[in-house]
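**Student:** Next come a sequence and a model predicted from it.
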Amino acid sequence: MYYVHIVKILLNGQLGKYPPGLKYCIMKEEVQKQKNSDSVIPPSVGSIVEGKVIARDRSSLYIDLGNQGTGIIYGREFYEVKDTIKSLNIGDVVVAKIVDLENEDGYRELSLQDATKEINWQKLEEMKNNQEIIKVKISGVNKGGLLTNINNIPAFLPVSQLSPENYPRVADADKAKILKELQKFIGKTLEVKVLDLLAQENKLILSEKAKTEQTIKQILNNYKKGDVVEGKITGIADFGVFIRFPLVDEASVSSEKKDESIEGLIHISELDWQLVQNPAEVVKVGEVIKAQIIDINNNQVFLSLKSLKENPWEKIEKEYKKGDTIKGKVISFSPFGAFVEVLPKIRGLCHISEFKSQQEMEESLKVGESYNFEILLVEPKEHRMSLKLAK
């Protein structure tokens, strides 16, 4: 069997150039290697082995596994990686996975593709454990995030794991608008870390914001709750605005100094003492403002703009009470009532339940007009006032 086994390999276009005597010596040496392999405990199916390419033909690749015998990659396993095999030369070292210990011709059947996948997963596990930063090119999007791949393994970058700079800031969190914003990333390269490995699903979860977490943590050591910072508005969303601080000059935005700044969120409820429906009515992108840090949690910074402004509700508490009549101007309508400005920065709500229908409310009140209202409830600490149209 040994001679048949070796002759099949070595006569496959590999010994034709040698004289008969040398051919015999080479074959004898290979046969001895094959016999010696019998004294070695063979690896099991699924083992990863390494060997040198010793022969090839149109549909097979032969691998010298040393004292483990000779391996072959053929059939489906050959065609699935034929582009890779084309680049291999005699003598090249390859890593493969054993799928059959011995086929009918005496070879160990190998899979180059399975081994590559397994090694890639091992490398990705190391990348995750080492917190390694990886550059990926975005190839597609869906409503949940960005699509890419690492070493031919599909990878997903959720919207929630984008850096603050790349987070889609769209009004009303409209999914169609978010998708449109995400499509701008197709073809771009982003730096990410491996967040989670789902080997059984052959999928990776990535994070862009994770790469800056350590830097942000170091920067935040310089700040505490109550600090007042100066920064620039970098984005506006329906839930609030983003502010980058400390302020850096425009010439340094693309330099290393940008890495010394971080981005925080001013929630819509912290923009002003009055009820804010659209953050763009209070601040503009590019505007430089001062804000106060009200919380630092899990590397996220939350700030307030209104905390640096005089609280107009303190005046309300002293001058008005339930049952008083107050004049107010109708600012806008909503499905749950009419917003009424009773004092600068103070808005109350005339609830829809005070009318028979939305139509009756809009017939009784006109936006921009002033009316007398009765105070049904005033809660200065909650910044809330309930009204009804005075008779």
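**Tutor:** Structure's in. What do you need? Numbers count the residues shown, from 1 in each chain.
**Student:** Please make it C-alpha for all contacts and neighbour counts, starting now.
**Tutor:** Fine.
**Student:** Helices along the stretch 51-200 of the chain, start to end?
**Tutor:** Under the criterion DSSP state H, counting those that start in this stretch, the stretch 51-200 of the chain contains helices at 76-79, 82-86, 112-129, 175-182.
**Student:** how far away is K327 from R384?
**Tutor:** Computed with CA to CA, to the nearest Å, the distance linking K327 and R384 is 16 Å.
**Student:** My error: substitute N129 in the last question.
**Tutor:** Separation of N129 from R384 (CA to CA): 50 Å.
**Student:** which one of the two has more residues nearby?
**Tutor:** Using other CA atoms under 10 Å, the more surrounded residue of N129 and R384 is R384, with 16 against 11.
**Student:** Tell me the bridge partners for the more buried one.
**Tutor:** R384 has the following beta-bridge partners by DSSP bridges: E379.
**Student:** same check, this time on V53
**Tutor:** I63.
**Student:** And the pLDDT at it?
**Tutor:** On the pLDDT scale, V53 is placed at 89.
**Student:** Test my guess that G235 contacts I243.
**Tutor:** Yes - at 7.3 Å, G235 counts as touching I243 under the criterion of CA atoms under 8 Å.
**Student:** Pick out whichever of the two has more residues nearby.
**Tutor:** I243 (30 against 23).
**Student:** Would you mind measuring from that one to V330?
**Tutor:** Distance from I243 to V330, by CA to CA: 32 Å.
**Student:** swap in V81?
**Tutor:** Remark: distance between V81 and V330 (CA to CA) = 71 Å.
**Student:** more neighbours, those two?
**Tutor:** V330 (21 against 14).
**Student:** For the more buried one, give me its contacts.
**Tutor:** By CA atoms under 8 Å, 6 or more residues apart in numbering, V330 lies in contact with A338, F339, V340, E341, L365, K366, V367, G368, E369, S370, Y371.
**Student:** Kindly indicate the member of those residues with the most neighbours.
**Tutor:** Going by other CA under 10 Å, V340 tops these with 27 neighbours.
**Student:** Spatially, what comes nearest to that one if we skip its sequence neighbours?
**Tutor:** Closest residue to V340 apart from its sequence neighbours, by CA to CA, 6 or more residues apart in numbering: V330 at 4.4 Å.
**Student:** Pull the distance from the helix or strand containing that neighbour to the chain's centre.
**Tutor:** Using DSSP states H and E, V330 maps to strand 325-334. Centroid separation for strand 325-334 versus its chain: 44 Å, with CA atoms, centre = their mean, to the nearest Å.
**Student:** Direction included, what does the following helix or strand past that strand pair up with?
**Tutor:** On the C-terminal side of strand 325-334, the closest following helix or strand by DSSP H and E is strand 337-343. Here strand 337-343 is paired, per DSSP bridges, with strand 325-334 (antiparallel), strand 346-351 (antiparallel).
**Student:** which residues are in contact with strand 337-343?
**Tutor:** 326-333, 347-353, 361.
**Student:** Which single one of these is nearest to V228?
**Tutor:** Among the contacts of strand 337-343, R347 lies closest to V228 (CA to CA), at 26.9 Å.
**Student:** Give me the pLDDT for the closest one.
**Tutor:** You'll see R347 listed with a pLDDT of 87.
**Student:** Bridging across strands, which residues link to it?
**Tutor:** Going by DSSP bridges, R347 forms beta bridges with E341.
**Student:** ok, how many other residues are close to it?
**Tutor:** Counted with other CA under 10 Å, R347 comes out at 24.
**Student:** ok, now I73?
**Tutor:** Around I73 there are 26 residues (other CA under 10 Å).
**Student:** what's the distance between it and E80?
**Tutor:** Using CA to CA, one obtains 10 Å as the distance from I73 to E80.
**Student:** What of I296?
**Tutor:** In terms of CA to CA, I296 sits 51 Å off from E80.
**Student:** Between the two ends of stretch 98-108, how far is it?
**Tutor:** Start-to-end, stretch 98-108 (CA to CA) is 7 Å.
**Student:** got any ranges where the chain has weak pLDDT?
**Tutor:** Where the chain drops to pLDDT under 70, the residues are 1-42, 114-116, 118-119, 171-173, 199, 248-259.
**Student:** quick one: secondary structure of I216?
**Tutor:** With DSSP: H, G, I helix; E, B strand; the rest coil as the basis, I216 sits in helix.
**Student:** Next up, the contacts around it.
**Tutor:** Contacts of I216 by CA under 8 Å, 6+ apart are I262, N299.
**Student:** What of I352?
**Tutor:** Listed by CA under 8 Å, 6+ apart, the contact set of I352 reads P335, F336, G337, A338, Q358, M361.
**Student:** Apply 7 Å and report the result again.
**Tutor:** Residues counted as contacts of I352 (CA atoms under 7 Å, 6 or more residues apart in numbering) are F336, G337, Q358.
**Student:** Strands along the stretch 201-350 of the chain, start to end?
**Tutor:** With DSSP state E, counting those that start in this stretch, the ranges of strands along the stretch 201-350 of the chain come out as 203-207, 228-237, 240-245, 262-267, 288-297, 300-304, 325-334, 337-343, 346-351.
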